[in-house]
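Visitor: Only the shape, not the letters, is given here:
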C-alpha cells in the first residue's frame with residue numbers, strides 16, 4: 001500500500017482566487033478509503049500532489065505547489081459524493097474553462113487516485129459529456145500519473161464477470177446456426193437448450209479462465225496452471241454445477257498429456273488444423289499479470305500459457321492480439337483508436353520475434369483495420385480461433401454497451417458460448433462489471449466464488 005499523503009508531504013500553496021463549479025461524483029466506501037490516501041509524487045514530473053484533510057480533498061500542481069482544486073467529500077445514504085469543487089481562477093496562476101475543469105478534476109480523481117479508466121467516470125446532472133468525448137484525457141493522464149497503475153480489482157472483476165455472463169448467455173444455443181437463431185434471437189438470459197443446463201450456467205470457457213486466474217493468484221507457474229486444468233476435466237473443478245458438459249477435442253487431448261506429466265509448453269496441439277479457440281477463450285486473466293511487462297515479455301508468457309492446450313503460432317498470435325487490445329481498452333484508449341495502435345505496433349513486434357509473415361497475414365483484417373467496416377455477413381463465428389477473435393472485436397466495435405455487445409455475439413450463432421465469452425471479457429473491461437444487467441448477474445452460477453477469486457488475484461498483483 002502506498003504512503004498516505006498529508007499537507008506536509010509536498011510543498012503546497014492555497015488557492016488564490018476561488019471559483020465554484022457544481023458537479024456530481026459518487027464513490028463507494030472502498031473508493032473513499034483510496035481517495036483518503038491521496039497522492040505523493042515521486043518527483044515533480046508526475047505533475048500532481050493530492051492530499052485529504054478534515055473532509056476536504058486538495059489537488060496541487062507538484063512543480064509549483066499551487067493549489068488548483070479543492071472539494072469537500074460528503075457522506076451520503078449510500079457511499080460518498082462530491083457535489084461541488086473550487087478551482088483557481090487567478091489568470092496569472094491558472095487559466096482554464098469550466099467544462100475542461102469538470103473533466104480534468106474528475107479524471108484526476110478517477111485515474112489519479114482510483115486508478116480507473118475514463119470509461120468508468122460516473123457523471124450526472126452537471127456533466128453532459130459522454131465517456132468517449134474525454135478519452136483524450138487518457139494519454140494526458142498517463143503523463144500525469146506515471147507512478148500510478150490501474151485498480152486491478154475493479155477490472156479483474158469486470159473481465160471475469162463479463163466473460164462468464166457472455167459465456168452463460170451462449171450455452172443454451174451453442175452449435176445453432178445464425179439463421180436458426182435469427183428466427184428467435186437471444187434477448188435475455190435463458191437456460192436448457194443445447195446442453196440442458198439451467199440459466200446462468202457457464203461452460204469450459206469460464207471454468208478454464210477461472211483455473212488460470214486462481215493459479216496466477218499464487219504466482220506464475222505453468223505446472224500449477226496445468227494441474228488446475230487437470231482438476232477441472234477429471235474432478236469438475238471450477239465448473240458451474242459440478243459437471244464438465246463441454247470440452248474441445250484439442251483441449252481434452254492436451255489435458256490428458258498434462259495429467260501424464262508432459263512439459264506444459266509441449267502439451268498443446270501444434271498442427272495448423274488444431275487452431276480452435278480453446279486458448280483464446282481463457283487467456284484474459286493473464287493480462288493482469290503481464291500488464292506492465294515489455295511487449296516481447298508479454299508475448300512470451302502469452303505463448304507459454306496458450307501452449308498448454310494450443311501451441312500453433314496462429315493461436316498464439318490470436319491470444320496476443322486479444323491481450324494487447326484488452327490492454328489498450330484498460331488504459332482508456334478508444335476502441336477504434338486501439339485498432340490503429342495495434343496496426344502501428346504489432347507487425348513490427350511480430351517481425352522482431354521472427355514470426356513467419358504468412359502466419360501474420362491471417363490477421364490482416366484485424367491488423368489493417370478492415371474489421372471496422374465489415375458487415376455481419378462478412379463475420380464468421382465458428383470455433384476456429386481467427387473467427388472467434390474477429391467476431392469478438394467486431395461485436396465490440398459495432399455496439400456501445402455491454403448488453404448489446406454480448407447479445408450481438410451470441411446471435412451470430414455456431415460457437416455461441418465462446419464468442420459470447422471472448423466478447424464479454426472485452427465488454428466487461430470496456431464498460432465495467434456494474435453495467436452488466438443485474439438480472440443476469442443474479443442468475444450467474446457461482447457469482448460469489450468468482451468475486452472472491454477476483455479479490456485473490458488482485459491482492460496478489462498489488
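Guide: Received, thanks. What you see is a predicted model, and the numbers here were worked out from it, not measured in a lab.

Visitor: looking at the chain, which helix or strand is least sure?
Guide: Least confident element among the helices and strands of the chain, by mean pLDDT, DSSP states H and E: helix 136-144 (a mean of 42).

Visitor: I'd like the next helix or strand past that helix.
Guide: Per DSSP states H and E, the first helix or strand lying C-terminal to helix 136-144 is helix 152-170.

Visitor: need the strands for this protein, in chain order.
Guide: 18-27, 48-53, 56-61, 67-72, 74-75, 80-88 (DSSP state E).

Visitor: How is this structure divided into domains?
Guide: What automatic domain parsing lists as the domains of the chain is 18-144, 152-461.

Visitor: averaging pLDDT over each of those, which comes out lowest?
Guide: Looking over those, mean pLDDT reaches its minimum on domain 18-144, with a mean of 79.

Visitor: Just give the number of residues close to the nearest residue to residue 32 once chain neighbours are set aside.
Guide: Nearest non-adjacent residue to residue 32, counting by Cβ to Cβ, 6 or more residues apart in numbering: residue 80, 4.6 Å away. No exception for glycine: its C-beta is placed from N, CA and C like everyone else's. Applying other Cβ atoms under 10 Å, we find 17 residues neighbouring residue 80.

Visitor: where's residue 80 relative to residue 69, distance?
Guide: Residue 80 sits 17 Å away from residue 69, going by Cβ to Cβ, to the nearest Å.

Visitor: go on, residue 459?
Guide: Distance of residue 459 to residue 69, given as Cβ to Cβ: 32 Å.

Visitor: swap in residue 19?
Guide: 10 Å.

Visitor: any shared contact partners between those two?
Guide: The contact sets of residue 19 and residue 69 overlap at 86-88 (Cβ atoms under 8 Å, 6 or more residues apart in numbering).

Visitor: Among the residues you listed, name the buried ones.
Guide: 86-88 (16 or more other Cβ atoms under 10 Å).

Visitor: Between those residues, which sits nearest residue 166?
Guide: Using Cβ to Cβ, residue 87 comes nearest to residue 166 of those, at 41.6 Å.

Visitor: what are the bridge partners for that closest one, then?
Guide: On DSSP bridges, the residues paired with residue 87 through beta bridges are residue 19, residue 69.

Visitor: quick one: contacts for it?
Guide: Neighbouring residues of residue 87 by Cβ under 8 Å, 6+ apart: 15, 18-19, 21, 68-69, 94, 96, 101, 105.

Visitor: number of nearby residues for residue 250?
Guide: Using other Cβ under 10 Å: residue 250 sits among 25 other residues.

Visitor: Quick check: residue 191 touching residue 201?
Guide: Yes - with contact defined as Cβ atoms under 8 Å, residue 191 counts as touching residue 201 (7.0 Å).

Visitor: So for those two, which sits in the more crowded spot?
Guide: Using other Cβ under 10 Å, the more surrounded residue of residue 191 and residue 201 is residue 201, with 27 against 15.

Visitor: can you tell me how far the more buried one sits from residue 433?
Guide: On the measure of Cβ to Cβ, residue 201 and residue 433 end up 19 Å apart.

Visitor: follow-up on the earlier one: could you dump the domains of the chain to CSV with distance to residue 4?
Guide: CSV is the format used below for those (distance: least, Cβ to Cβ, whole Å):
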stretch, distance to residue 4
domain 18-144, 5
domain 152-461, 19
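
Visitor: So which of those is nearest residue 11?
Guide: Of all the domains of the chain, it is domain 18-144 that lies closest to residue 11, at 3.6 Å by Cβ to Cβ.

Visitor: chain center to the closest one: distance?
Guide: On the basis of Cα atoms, centre = their mean, to the nearest Å, domain 18-144 is displaced by 23 Å from the centre of the chain it belongs to.

Visitor: can you check stretch 326-345 too?
Guide: With Cα atoms, centre = their mean as the basis, stretch 326-345 stands 12 Å off its chain's centre.

Visitor: how about it: buried residues?
Guide: Applying a neighbour-count criterion of 16+ other Cβ under 10 Å, one finds 326-335, 338-339, 341-342 buried in stretch 326-345.

Visitor: Format those as TSV; extra columns: distance to residue 41.
Guide: Below are those laid out as TSV (distance: Cβ to Cβ, whole Å):
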residue	distance to residue 41
326	29
327	25
328	25
329	27
330	23
331	20
332	20
333	24
334	27
335	31
338	28
339	33
341	27
342	31
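
Visitor: nearest to residue 380, of those?
Guide: In terms of Cβ to Cβ, no member of the buried residues of stretch 326-345 lies closer to residue 380 than residue 339, at 18.9 Å.

Visitor: Could you pull up the residues touching that closest one?
Guide: 325, 366, 369, 371-372, 393, 397.

Visitor: Make CSV from the residues you listed and add neighbour count to it.
Guide: Formatted as CSV, these follow (neighbours: other Cβ atoms under 10 Å):
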residue, neighbour count
325, 25
366, 24
369, 14
371, 22
372, 16
393, 26
397, 17
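
Visitor: I'd guessed residue 369 sits against residue 344; true?
Guide: No - if you go by Cβ under 8 Å, residue 369 and residue 344 don't touch, sitting 10.3 Å apart.

Visitor: overlap in contacts of these two?
Guide: Residues touching both residue 369 and residue 344 by Cβ under 8 Å, 6+ apart: none at all.

Visitor: Wait, residue 390 touches residue 380, no?
Guide: Yes - here residue 390 lies in contact with residue 380, judged by Cβ under 8 Å, at a distance of 7.5 Å.

Visitor: Just want to know which of these two has more residues nearby.
Guide: residue 390 (24 against 17).

Visitor: contacting residues for the more buried one?
Guide: For residue 390, the contacting residues are 365-366, 371, 379-380, by Cβ under 8 Å, 6+ apart.

Visitor: Nearest to residue 220 among these?
Guide: Nearest to residue 220 among those is residue 366, at 27.3 Å by Cβ to Cβ.

Visitor: Would you mind stating the distance between the closest one and residue 391?
Guide: Noted for residue 366: a distance of 11 Å to residue 391, by Cβ to Cβ.
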